[in-house]
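J.: Fold the following, please.
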Amino acid sequence: MKQLIETENFRLEPFFNLSADNLCITDFAGYFKKVNPAFAKLLGYTEEELYSKPISEFIYEADRDLTAQHGQNLTNNVPLYNFENRYVSKAGELVWLYWTATPSEEEQLVYAIAKDITHKKELEEERVSLVTNLVQANEKLKQLNHITSHDLRSPVNNLVYLVEMLDTSKIDDGVTLQILEHVKRSADGLKASLNAYVDAITENESLKEELENVYFDEVFQEVKESISTLLSSSKTEFVVDFNEAEYVPFERKYMQSIFLNLISNSIKYAKPGVAPIISIKTQVDRGRKKLIYIDNGLGFDMKKIGHLIFDLNQRFHNTDDSKGLGLYLVKKHVTSLGGSIQVDSKVNQGTTFTIVFGA
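T.: Prediction:
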């Protein structure tokens, strides 16, 4: 039996060391006893550095109390599922981890698996920001509706009252003509009010963004770094050429969002067993700068869903974590600054996005 156990341990060692997931074993005192290379690489520490201090010192300060509570449950032999917290890497960056852990009371050890969900959290923050903006815009529209209904009440009521006073049998009568003049003035007042409200709506809907020369490669590299673990685990390859147009007047945070959402979607909707290959290049066509993005993923049936691709809350593949927001955001960012975006795709043959930036 002992020989069998030793053989089994030998077989598990490569699994532990080669796993792309972040694996660790901790003791009930709150120290790492063993971590796999993927976990050490994610946090940027050596294994010796991780073993040298209590686990709590690697956890983001705001998450330590809640993590300690779950840690206490583990020491009471209660397994941990679906727990998220933040660690601080050696470089000072926050890393979101999604934990599953099982305690062994007999060994006084905890066996845990952590998935890096940092890129998902970044997308969630963007979604929260969008929802917040939508709520604020909705509140403004509600307020405008209240103002309109209140301010138009008097001139409309006045107009109705004057119309009721009209005596059609006395069209040539001076009083009637005077009343008609009042009707005209009331109508003019109503028109002026409506014009003012239309102008107010237009002003609220206008996004006055301060544009800067955004260099494609700089933003691309920033986004790659932010999702480096995801790119590594998915074995994503890039073919990039920004030589024809190195920069474009744009909003930097919008460009970051465009790259992040397109790349994340290419990885999420990659063909099973096929590493994503993403081609990104720029062109200049009749004075307009273009960004052409191509992947080799699952693609879409354009005849069935081509008209829905950029709509909010649309989902086209059976992926549980899809929220139907990424492509909506991409189009919103592009069109809000005077640009346009087109898509061409075939099932199992990948997708091409062509972004034409505003003049």
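J.: how about low-confidence regions in the stretch 201-350 of the chain?
T.: Within the stretch 201-350 of the chain, the segments meeting pLDDT under 70 span 201-210, 312-324.
J.: just the helices in it please.
T.: Using DSSP state H, counting those that start in this stretch, the helices of the stretch 201-350 of the chain run over residues 216-226, 228-234, 252-268, 302-305, 326-336.
J.: Nearest to Asn77, out of these?
T.: helix 228-234 (31.6 Å; C-beta to C-beta). (Glycine included, C-beta is placed from N, CA and C.)
J.: what packs against that closest one?
T.: Judged by 3 or more C-beta pairs under 8 Å, 6 or more residues apart in numbering; DSSP states H and E, the packing partners of helix 228-234 are helix 118-165, helix 252-268.
J.: For that helix, report the contacting residues that lie outside it.
T.: The contact list for helix 228-234 (C-beta atoms under 8 Å, 6 or more residues apart in numbering) reads 20, 42, 116, 118-119, 224, 236, 263-264, 267, 270, 275-276.
J.: switch to 7 Å and redo it
T.: Helix 228-234 is contacted from outside by 20, 42, 116, 119, 224, 267, 270, 275-276, using C-beta atoms under 7 Å, 6 or more residues apart in numbering.
J.: Could I get those in CSV, plus columns for neighbour count?
T.: What follows is the contacts of helix 228-234, written out as CSV (neighbours: other C-beta atoms under 10 Å):
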residue, neighbour count
Ala20, 14
Leu42, 21
Asp116, 25
His119, 20
Lys224, 17
Ile267, 20
Ala270, 21
Ala275, 12
Pro276, 22
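J.: Taking the residues you listed, tell me the two that lie furthest apart.
T.: Spatially, the most separated pair among those is Leu42 and Ala270, at 21.4 Å (C-beta to C-beta).
J.: Give me the helices and strands touching the longest strand anywhere in the chain, please.
T.: Across the chain, the strand with the greatest residue count (assigned by DSSP state E) is strand 94-104. Counting contacts by 3 or more C-beta pairs under 7 Å, 6 or more residues apart in numbering; DSSP states H and E, strand 94-104 packs against helix 64-75, strand 80-88, strand 109-116, helix 118-165.
J.: Flag whichever of these has the least confidence on average.
T.: Least confident of these, judged by mean pLDDT, is helix 118-165 with a mean of 70.
J.: can you count the residues close to Glu57?
T.: 11 (other C-beta atoms under 10 Å).
J.: same thing with the one 4 residues further on?
T.: By the criterion of other C-beta under 10 Å, Glu61 has 10 neighbours.
J.: picking that back up, looking at the helices of the stretch 201-350 of the chain, which is closest to Ser104?
T.: Among these, helix 228-234 sits nearest to Ser104 (C-beta to C-beta), with 27.9 Å.
J.: Distance from the closest one to the middle of the chain?
T.: Remark: helix 228-234 is offset 18 Å from the chain centroid, using C-alpha atoms, centre = their mean, to the nearest Å.
J.: Would you mind giving the domain segments of this structure?
T.: Domain ranges of the chain: 2-116, 121-205, 212-356, per automatic domain parsing.
J.: Would you mind finding the most buried of these?
T.: Burial of the domains of the chain is given as mean neighbour count (mean count of other C-beta atoms under 10 Å); domain 212-356 ranks first at a mean of 16.
J.: Straight-line length of that one, end to end?
T.: With C-alpha to C-alpha, to the nearest Å as the measure, domain 212-356 spans 17 Å from end to end.
J.: if we can go back for a sec, let me have the helices of the stretch 201-350 of the chain in JSON lines, extended by distance to Tyr31.
T.: Putting these into JSON lines (distance: least, C-beta to C-beta, whole Å) gives the following:
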{"stretch": "helix 216-226", "distance to Tyr31": "30"}
{"stretch": "helix 228-234", "distance to Tyr31": "24"}
{"stretch": "helix 252-268", "distance to Tyr31": "35"}
{"stretch": "helix 302-305", "distance to Tyr31": "52"}
{"stretch": "helix 326-336", "distance to Tyr31": "40"}
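J.: between the ones you listed, which one is nearest to Glu125?
T.: Glu125 lies closest, by C-beta to C-beta, to one member of the helices of the stretch 201-350 of the chain: helix 252-268, at 10.7 Å.
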